[in-house]
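K.L.:
structure for this input, please:
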Amino acid sequence: MYRNVIISCICLMSVCVLLQPDSAQAQSKPWSVPREAINMHNPLAGNAASVKTGKELYVTYCTPCHGNKGKGDGIAAASLKPKPADHTSAVVQSETDGSLFYKLSEGRTPMPQYKASFTESQRWALVNYIRTLAGKHK
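P.N.:
Numbers count the residues shown, from 1 in each chain. A predicted model of the protein is given here:
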(Lines give C-alpha, C1' and ligand atoms only; values in the text may rest on other atoms or scores of the structure.)
Protein backbone atom coordinates (compact mmCIF):
# COMPACT_ATOMS: atom_id res chain seq x y z
CA MET A 1 0.00 0.00 0.00
CA TYR A 2 2.76 2.47 0.93
CA ARG A 3 4.56 1.58 -2.27
CA ASN A 4 1.51 2.65 -4.31
CA VAL A 5 1.27 5.92 -2.38
CA ILE A 6 4.95 6.65 -2.97
CA ILE A 7 4.66 5.84 -6.67
CA SER A 8 1.57 8.06 -6.95
CA CYS A 9 3.39 10.93 -5.23
CA ILE A 10 6.39 10.59 -7.53
CA CYS A 11 4.13 10.57 -10.59
CA LEU A 12 2.23 13.62 -9.38
CA MET A 13 5.46 15.50 -8.70
CA SER A 14 6.76 14.60 -12.16
CA VAL A 15 3.60 15.90 -13.82
CA CYS A 16 3.81 19.15 -11.84
CA VAL A 17 7.42 19.67 -12.91
CA LEU A 18 6.61 18.95 -16.55
CA LEU A 19 3.64 21.32 -16.56
CA GLN A 20 5.57 24.17 -14.96
CA PRO A 21 6.65 26.90 -17.36
CA ASP A 22 10.34 26.99 -18.10
CA SER A 23 11.31 29.79 -15.74
CA ALA A 24 14.75 30.19 -17.25
CA GLN A 25 13.20 30.72 -20.67
CA ALA A 26 10.52 33.03 -19.26
CA GLN A 27 13.15 35.13 -17.53
CA SER A 28 15.43 35.41 -20.54
CA LYS A 29 13.04 38.03 -21.90
CA PRO A 30 13.08 41.57 -20.53
CA TRP A 31 10.41 42.20 -17.92
CA SER A 32 7.90 44.35 -19.74
CA VAL A 33 6.10 46.89 -17.62
CA PRO A 34 3.01 48.63 -18.99
CA ARG A 35 3.49 52.32 -19.73
CA GLU A 36 0.75 53.31 -17.26
CA ALA A 37 2.62 51.42 -14.51
CA ILE A 38 5.97 52.99 -15.42
CA ASN A 39 4.42 56.43 -15.05
CA MET A 40 2.71 55.76 -11.71
CA HIS A 41 3.47 58.33 -9.01
CA ASN A 42 4.70 57.10 -5.64
CA PRO A 43 2.39 58.72 -3.07
CA LEU A 44 4.87 57.93 -0.28
CA ALA A 45 8.05 59.21 -1.95
CA GLY A 46 10.41 60.77 0.56
CA ASN A 47 8.40 59.52 3.52
CA ALA A 48 10.82 58.36 6.25
CA ALA A 49 8.14 56.37 8.06
CA SER A 50 7.42 54.40 4.90
CA VAL A 51 11.13 53.58 4.50
CA LYS A 52 11.05 52.07 7.99
CA THR A 53 7.96 50.02 7.10
CA GLY A 54 9.56 48.99 3.82
CA LYS A 55 12.71 47.85 5.59
CA GLU A 56 10.71 45.71 8.01
CA LEU A 57 8.89 44.04 5.11
CA TYR A 58 12.09 43.68 3.09
CA VAL A 59 13.97 41.99 5.93
CA THR A 60 11.16 39.49 6.42
CA TYR A 61 10.08 38.77 2.86
CA CYS A 62 12.83 39.85 0.46
CA THR A 63 16.16 39.01 2.11
CA PRO A 64 15.88 35.24 1.63
CA CYS A 65 16.36 35.85 -2.10
CA HIS A 66 17.78 39.38 -2.41
CA GLY A 67 20.05 39.26 0.65
CA ASN A 68 20.48 41.56 3.63
CA LYS A 69 22.00 44.32 1.50
CA GLY A 70 19.79 43.74 -1.55
CA LYS A 71 22.55 42.37 -3.77
CA GLY A 72 20.59 39.31 -4.94
CA ASP A 73 22.70 37.00 -2.80
CA GLY A 74 20.24 35.74 -0.20
CA ILE A 75 20.30 32.17 1.12
CA ALA A 76 17.70 31.03 -1.43
CA ALA A 77 19.39 32.77 -4.38
CA ALA A 78 21.69 29.88 -5.29
CA SER A 79 18.75 27.64 -6.14
CA LEU A 80 16.87 30.21 -8.23
CA LYS A 81 16.98 30.62 -11.99
CA PRO A 82 17.25 33.33 -12.90
CA LYS A 83 19.08 34.86 -9.99
CA PRO A 84 17.30 37.54 -7.97
CA ALA A 85 17.83 41.16 -8.95
CA ASP A 86 20.56 43.20 -7.34
CA HIS A 87 18.59 46.08 -5.85
CA THR A 88 21.79 48.08 -5.34
CA SER A 89 22.58 48.04 -9.07
CA ALA A 90 22.30 51.02 -11.38
CA VAL A 91 19.91 49.00 -13.55
CA VAL A 92 17.36 48.55 -10.75
CA GLN A 93 17.90 52.00 -9.31
CA SER A 94 17.28 53.59 -12.72
CA GLU A 95 13.82 52.06 -12.96
CA THR A 96 10.88 54.28 -12.09
CA ASP A 97 9.06 53.86 -8.81
CA GLY A 98 6.04 52.75 -10.81
CA SER A 99 8.04 50.05 -12.55
CA LEU A 100 9.36 48.65 -9.26
CA PHE A 101 5.87 48.84 -7.74
CA TYR A 102 4.46 46.91 -10.72
CA LYS A 103 7.12 44.21 -10.55
CA LEU A 104 6.73 43.51 -6.86
CA SER A 105 2.94 43.67 -7.18
CA GLU A 106 2.67 41.31 -10.16
CA GLY A 107 5.72 39.08 -9.68
CA ARG A 108 7.21 36.77 -12.29
CA THR A 109 8.69 33.31 -11.80
CA PRO A 110 10.51 32.85 -9.45
CA MET A 111 9.57 36.23 -7.91
CA PRO A 112 6.27 35.95 -6.02
CA GLN A 113 3.35 38.28 -6.56
CA TYR A 114 2.73 40.57 -3.58
CA LYS A 115 -0.40 42.49 -4.56
CA ALA A 116 -2.60 40.09 -2.58
CA SER A 117 -0.19 39.89 0.37
CA PHE A 118 0.66 43.55 0.94
CA THR A 119 -1.43 46.68 0.86
CA GLU A 120 -0.73 49.31 -1.76
CA SER A 121 0.99 51.46 0.90
CA GLN A 122 3.19 48.56 1.95
CA ARG A 123 4.27 47.97 -1.65
CA TRP A 124 5.12 51.66 -2.08
CA ALA A 125 7.03 51.46 1.21
CA LEU A 126 9.07 48.58 -0.23
CA VAL A 127 9.89 50.73 -3.26
CA ASN A 128 11.05 53.51 -0.93
CA TYR A 129 13.27 51.10 0.99
CA ILE A 130 14.75 49.66 -2.22
CA ARG A 131 15.74 53.25 -3.11
CA THR A 132 17.87 53.41 0.06
CA LEU A 133 19.96 50.52 -1.26
CA ALA A 134 21.40 52.66 -4.08
CA GLY A 135 25.16 52.74 -4.11
CA LYS A 136 25.54 49.90 -1.60
CA HIS A 137 26.91 47.49 -4.19
CA LYS A 138 30.48 47.76 -3.02
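K.L.:
what ranges in the protein fall below the confidence cut-off?
P.N.:
1-29, 136-138 (pLDDT under 70).
K.L.:
mind jotting down where the helices sit in it?
P.N.:
Secondary structure of the chain (DSSP state H): helices located at 2-19, 23-27, 35-38, 48-57, 63-66, 90-93, 97-106, 120-132.
K.L.:
and residue 82, how far from residue 35?
P.N.:
24 Å (CB to CB, to the nearest Å). From N, CA and C alone the C-beta is placed, and that goes for glycine too.
K.L.:
of the two, which one has the most company?
P.N.:
A side-by-side neighbour count of residue 82 and residue 35, using other CB atoms under 10 Å, places residue 82 first with 15 against 8.
K.L.:
who's in contact with the most centrally placed residue in the chain?
P.N.:
By CA atoms, centre = their mean, the chain has its centre lying nearest to residue 111, at 4.2 Å. Shown in contact with residue 111 (CB atoms under 8 Å, 6 or more residues apart in numbering): 65, 84, 103, 104.
K.L.:
dump the residues you listed to JSON lines, plus distance to residue 124 and neighbour count.
P.N.:
JSON lines is the format used below for the contacts of residue 111 (distance: CB to CB, whole Å; neighbours: other CB atoms under 10 Å):
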{"residue": "65", "distance to residue 124": "20", "neighbour count": "20"}
{"residue": "84", "distance to residue 124": "21", "neighbour count": "20"}
{"residue": "103", "distance to residue 124": "13", "neighbour count": "20"}
{"residue": "104", "distance to residue 124": "10", "neighbour count": "24"}
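K.L.:
check those residues and tell me the two furthest apart.
P.N.:
Greatest spatial distance among the contacts of residue 111 (CB to CB): 65 and 103, at 13.3 Å.
K.L.:
any figure for the gap between the closest residue to residue 134 other than its chain neighbours and residue 127?
P.N.:
Nearest non-adjacent residue to residue 134, counting by CB to CB, 6 or more residues apart in numbering: residue 93, 4.6 Å away. Look at residue 93 and residue 127: by CB to CB, they are 11 Å apart.
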